[in-house]
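Participant: I would like to see how this sequence folds:
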Amino acid sequence: MRSLENFLARVLGDDIGKLILRLTLGILMIFHGLNKLNGIDGIKSLIASNGLPQFLAYGVYLGEIIVPILIIIGFYTRISSFIYASTMVFAIYLAHSSQIFALNEKTGGLIIELQLLFMFGAVALMFLGAGKISLDKR
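Facilitator: Prediction:
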């Protein structure tokens, strides 16, 4: 078993894993961002109902379109990952604060598990960096 582990460690490098994480986080979030191109009125009202200025709603374009592109190409990855994770904290606060500890009756998992995976994936990437297959390393 140990020799298999050593073989896989030689063949599967950390940089491929970092690339997969970057692509996963970036591509999946871009779908959310592209949907916002149809309008952000719902986000504006959600922000206003929480007593915050509506112009903050435009940050969704940064957090869900621009930053994911930067993460995909590996450019300013640590800063972009911080913004990405912050975007998810903001989204959890605005849209899911009443569901933080709520369980999905069908699956038993947390209702906000997707948001948490996005957030903690970005936190992990913030610590890991982009890896060699990125613009950060060029």
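
Participant: Could I have the CA atoms of stretch 125-137 written out in CSV?
Facilitator: Presented in CSV, the C-alpha positions along stretch 125-137 are these (Å, rounded to 0.1, in the frame of the first residue of the first chain):
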residue,chain,number,x,y,z
LEU,A,125,-6.6,28.0,-2.2
MET,A,126,-5.7,31.2,-0.4
PHE,A,127,-3.2,29.2,1.7
LEU,A,128,-2.1,26.9,-1.2
GLY,A,129,-1.5,29.4,-3.9
ALA,A,130,-2.0,28.8,-7.6
GLY,A,131,0.7,26.4,-8.2
LYS,A,132,3.1,26.2,-11.2
ILE,A,133,0.3,26.0,-13.8
SER,A,134,-0.7,29.6,-13.5
LEU,A,135,0.0,33.1,-14.5
ASP,A,136,1.2,33.8,-10.9
LYS,A,137,4.2,31.6,-11.6
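
Participant: Okay, buried residues for it please.
Facilitator: Leu125, Met126, Leu128, Gly129, Ala130, Gly131, Ile133, Ser134, Asp136 (16 or more other CB atoms under 10 Å). For glycine as for every other residue, the C-beta is placed from the backbone atoms N, C-alpha and C.

Participant: The third one contacts Leu19, correct?
Facilitator: No. Using CB atoms under 8 Å, Leu128 is not in contact with Leu19; the gap is 10.9 Å.

Participant: where's Arg138 relative to Tyr61, distance?
Facilitator: The gap separating Arg138 from Tyr61 is 26 Å, by CB to CB, to the nearest Å.

Participant: Between those two, which is the more surrounded one?
Facilitator: Between Arg138 and Tyr61, counting by other CB atoms under 10 Å, Tyr61 is the more crowded of the two (14 against 8).

Participant: who does the lowest-mean-pLDDT helix or strand in the chain touch, helix- and strand-wise?
Facilitator: Of all helical and strand segments in the chain, the minimum by mean pLDDT, DSSP states H and E falls on helix 2-11, at a mean of 85. Contact analysis of helix 2-11 by 3 or more CB pairs under 8 Å, 6 or more residues apart in numbering; DSSP states H and E lists no helix or strand as a packing neighbour.
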